[in-house]
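S.K.: Pasting the sequence and the predicted coordinates here, then a few questions.
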Amino acid sequence: MSKISVLFICMGNICRSPTAQGVFARLVEDAQLSHLIQIDSAGTHAYHVGNPPDERAAQAAARRGIDLSPQRARRVEAADFERFDYVLAMDRSNLEDLLTECPEPHQEKLRLFLDFAGQSSQQDVPDPYYGGPQGFERVLDLVEEAAQGLLRDIRSRL
């Protein structure tokens, strides 16, 4: 069986998408499905390529037992649209950017990550970069909820 692959996308790949990658990787590991699911993250912009996740994001995640330190920011590339089964944007702005880059045959893979958050009416994971520590905690809350829904969706495909 081939792996199902998931790519989380935000603008700079240092706050929201690495948080989603870390949270989802932990969830997949706890479910003993790491051998079936590949997880990565990227940004729509190249502002921070090669940098580790934002220290505030890493600290907030660490308080919940999630290690973001191995990750490094990268920009989404054309091959990602073919390689990944799920390309999940953290907000509508990044989804619009992805739609302009993604070839037509792969656009059905593009979705908002919070589409998997169940009954939540919120569509966007807010960017915590210019805010205080509470913003990073809010991101984690939203990401944890959506990650559960995403795992349910993937399990239905396995």
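M.R.: Yep, it's here. Numbering: from 1, shown residues only.

S.K.: remind me which residues of the chain are low pLDDT?
M.R.: Across the chain, the ranges flagged by pLDDT under 70 are 1.

S.K.: same for the longest helix along it, what does it pack against?
M.R.: Secondary structure of the chain per DSSP state H: the longest helix is helix 133-157. In terms of contacts (3 or more Cβ pairs under 8 Å, 6 or more residues apart in numbering; DSSP states H and E), helix 133-157 is packed against strand 4-10, helix 16-30, helix 55-63, strand 86-89. Quick note: C-beta positions are derived from backbone N, CA and C, even for glycine.

S.K.: That helix versus helix 55-63: what angle between them?
M.R.: Here helix 133-157 runs at 60 degrees with respect to helix 55-63, directions being taken by axes from the mean of the first three to the mean of the last three Cα atoms, to 10 degrees.

S.K.: Can you give the contact residues for helix 133-157?
M.R.: Applying Cβ atoms under 8 Å, 6 or more residues apart in numbering, the set of residues contacting helix 133-157 from outside is 4, 6, 15-16, 19-20, 23-24, 27-28, 31, 33, 37, 56-57, 59-61, 64, 86, 88, 113-118, 120, 122, 125-126, 128.
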